[in-house]
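# Need coordinates for the following:
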Amino acid sequence: MRSIWNGAISFGLVSIPIKLVNATENRSISFRQIHTEDGGRIRYRKVCELEDREVTQAEIGKGYEDADGTIIPITDDDLSNLPLPTAKTIEIVAFVPADRIDPLQMDSAYYLAAGGAPAAKPYTLLREALKRSQKVAIAKYALRGRERLGMLRVVEDAIAMHGLLWPDEVRAPEGVAPDTHVTVNDKELDLADALMDTLGEIEIDELHDAYREALEEVVAAKAAGEAPPEAPEPAKSGKVLDLMAALEKSVRAAKESRGEEPEEEAAEVRRLPQRKTSRAAPKQTSGKKSTATKKTAAKKTASAKKSTAKTAQGAKKTAAKSTAKSTAKSTAKSTAKKTTAKKTTARKRSA
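Below is the predicted model:
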């Protein structure tokens, strides 16, 4: 790996000669601009506006444009002789716990290589001190024309440095979070936890860039004069209207993908309330309203049960009365018929 900066780490009165090496690389596929009619390359030429001619890279320098448009030339010597202690030194200013660093501040990553045999001893000392303290070093350094903030930490047997954004370069997340009040219940959180547990952990080394691989296949097919591979049909996904059902379905799908048999969910799935208007729902200041609503619903359910029971009892009594009346009428008719028959028989005998 080629070094991009040479200097030293200032660790109190200890100076460690080091070389700065890029710790990351860009593996993405880049394209060239072409003329679509004939495939010719589109190139940008660097032209001097005053002389109206193309200039070479060796003729190009740096300049600062003032407010009135005046260009002030800045040479490499001007930048190398900046009145800064960090111009050629990574100056450690503090040691802090790693969790004190906001990941939003993370920028480019570098390896710090020891600059020769004399640097081996102090380099190893700083590395082992960082390991034992379980802290990271906060440092200031100058690179590419500006002073920067950095964080030094141990990666295997090497010291790595992450460039950090200055605190005032990180924006506050104002207006990013939803402005509508939303309440998440325990059942939804339980299902979310179950989904997280089911998905489990993964080895970061197993992840790869599927987009770059697919793009390489397309380039290879076009180069061979073949048709590029067809894209697979995307999975159909409807609009999620029920958060609970979506969570339960996700848990089942995750278990099936891991070869596990999904368990039957005994809990009831409740539909999310649909908003009738575009206005946001009123905020609930406490849980008292929710409790009162539950009590009211319970009372209504109890009243409905009592009313149903009374209706059923009334229906039973009415049916019993109707049956008794019907039985009495039938008995009376039967008795009357028997009496009439006896009288008729007596009359015939007397005649």
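# C-alpha only now, for contacts and for neighbours.
OK.
# Check what pLDDT the residue nearest to E65 when sequence neighbours are not counted gets.
Spatial nearest neighbour of E65, excluding adjacent residues (Cα to Cα, 6 or more residues apart in numbering): I71 at 4.5 Å. I71 is assigned 92 on the pLDDT scale.
# Can you tell me how far I71 is from E51?
For I71, the distance to E51 equals 16 Å [Cα to Cα, to the nearest Å].
# Compare these two (neighbour count), which wins?
Between I71 and E51, counted using other Cα atoms under 10 Å, I71 has the larger neighbour count: 12 against 8.
# correct me, but that one touches Y64?
Yes - using Cα atoms under 8 Å, I71 is in contact with Y64, at 5.5 Å.
# who's in contact with K140?
Counting by Cα atoms under 8 Å, 6 or more residues apart in numbering, K140 touches T86, I90, E91, I92, V93, E147, R148, L149, G150.
# Figure out the helix or strand that the fifth one lives in.
Read that as V93. strand 89-97 (DSSP states H and E).
# State the mean pLDDT of that strand.
For strand 89-97, the mean per-residue pLDDT is 92.
# pLDDT at E248, what is it?
So E248 comes in at 80 (pLDDT).
# And D52, by the same measure?
93.
# what about it, neighbour count?
Other residues near D52 number 9, with proximity taken as other Cα under 10 Å.
# list the contacts for M161?
Listed by Cα under 8 Å, 6+ apart, the contact set of M161 reads A109, Y110, Y111, L112, G150, M151, L152, R153.
# for the stretch 1-150 of the chain, what spans make up the strands?
3-11, 14-22, 47-48, 53-54, 62-65, 71-74, 89-97, 106-114, 135-143, 146-155 (DSSP state E, counting those that start in this stretch).
# mind giving me a markdown table with these and columns for distance to S28?
Below are these laid out as a markdown table (distance: least, Cα to Cα, whole Å):
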| stretch | distance to S28 |
| --- | --- |
| strand 3-11 | 21 |
| strand 14-22 | 16 |
| strand 47-48 | 30 |
| strand 53-54 | 31 |
| strand 62-65 | 29 |
| strand 71-74 | 34 |
| strand 89-97 | 31 |
| strand 106-114 | 17 |
| strand 135-143 | 25 |
| strand 146-155 | 25 |
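# mind checking which of those strands is nearest E216?
Relative to E216, the nearest member of the strands of the stretch 1-150 of the chain by Cα to Cα is strand 14-22, separated by 25.2 Å.
# Enumerate every residue touching A98.
Taking Cα under 8 Å, 6+ apart as the test, what A98 contacts is Q134, K135, V136.
# Tell me, please, the helix or strand in the chain that averages the lowest pLDDT.
helix 288-350 (a mean of 50; mean pLDDT, DSSP states H and E).
# follow-up on the earlier one: for the residue nearest to E65, which residues are in contact?
Shown in contact with I71 (Cα under 8 Å, 6+ apart): G63, Y64, E65.
# any chance of those in CSV, with distance to L165, pLDDT and neighbour count too?
Putting the contacts of I71 into CSV (distance: Cα to Cα, whole Å; pLDDT from 0 to 100; neighbours: other Cα atoms under 10 Å) gives the following:
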residue, distance to L165, pLDDT, neighbour count
G63, 25, 93, 12
Y64, 23, 91, 11
E65, 25, 93, 11
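# and which of those residues is nearest to E217?
G63 (43.9 Å).
# How much space separates the closest residue to that closest one other than its chain neighbours from Q105?
Spatially, and ignoring its direct neighbours in sequence, G63 is nearest to P73 (4.2 Å; Cα to Cα, 6+ apart). Separation of P73 from Q105 (Cα to Cα) stands at 32 Å.
# Between the two, tell me which one has more neighbours.
Neighbour tally, P73 and Q105, criterion other Cα under 10 Å: the higher count belongs to Q105, 16 against 11.
# how close does that one sit to V170?
7 Å.
# secondary structure element for H208?
Per DSSP H and E, there is no helix or strand for H208.
# pLDDT score for it?
We have a pLDDT of 81 for H208.
# re earlier: for the contacts of I71, give me TSV that also has distance to L189.
As requested, the contacts of I71 are exported to TSV (distance: Cα to Cα, whole Å):
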residue	distance to L189
G63	57
Y64	55
E65	55
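# Now do the contacts for A119.
A119 makes contact with I16, P17, I18, according to Cα under 8 Å, 6+ apart.
# Could I get the contacting residues of the first one?
Spelled out, that is I16. A8, I9, S10, A114, G115, A119, P122, Y123.
# If you rank these by neighbours, which is first?
So for these (other Cα under 10 Å), the most neighbours sit at I9, 25 neighbours.
# so what's that one bridging to?
I16, I90 (DSSP bridges).
# Isn't it up against E91?
Yes - counting by Cα under 8 Å, I9 touches E91, with 6.0 Å between them.
# Alright, that wraps it up for me.
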